[in-house]
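*Asks:* generate coordinates for the sequence data below:
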Amino acid sequence: MPTPFEATRVDAMAAAQELIDSGQLENQLSHLVTLRSESQNPAQAAVLDRYLRLIIRPILLDMGFDASVHDNPIPDAPPCCWLAVSKPPTCQQF
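*Replies:* Next up is the predicted model:
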């Protein structure tokens, strides 16, 4: 399968269809809801932090992102998930 930088629309549609047909999408979605979290509830900040670190971050890493979770510098605000993606050297500059 091509990297996200090499994928075409047809590749993306085929990959999405395969996720649905194989049952992987349903499995992934059921995994996402295993840890109940409320991002807007300050009392749930610890649960949200676990959700970001244990569930969301690994998914983002598998997608090719550099992902990290940090405490929010704003008092009583939920944790932050920072993403970065490096452009491969073969990409053409525009």
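
*Asks:* run through the strands of this protein in chain order.
*Replies:* Assigned by DSSP state E, the strands in the chain fall at 66-70, 80-84.

*Asks:* most tightly packed of those strands?
*Replies:* Using mean count of other Cβ atoms under 10 Å, the stretch among the strands of the chain with the largest mean neighbour count is strand 66-70, at a mean of 15. Using the backbone N, CA and C atoms, a C-beta is placed for each residue, glycine as well.

*Asks:* mind checking how far the residue nearest to residue 82 when sequence neighbours are not counted is from residue 18?
*Replies:* Nearest residue to residue 82, sequence neighbours excluded (Cβ to Cβ, 6 or more residues apart in numbering): residue 68, at 5.1 Å. Taking Cβ to Cβ, to the nearest Å as the measure, residue 68 falls 30 Å from residue 18.

*Asks:* ok, residue 35 next?
*Replies:* Separation of residue 35 from residue 18 (Cβ to Cβ): 26 Å.

*Asks:* for residue 50, same thing?
*Replies:* Remark: distance between residue 50 and residue 18 (Cβ to Cβ) = 30 Å.
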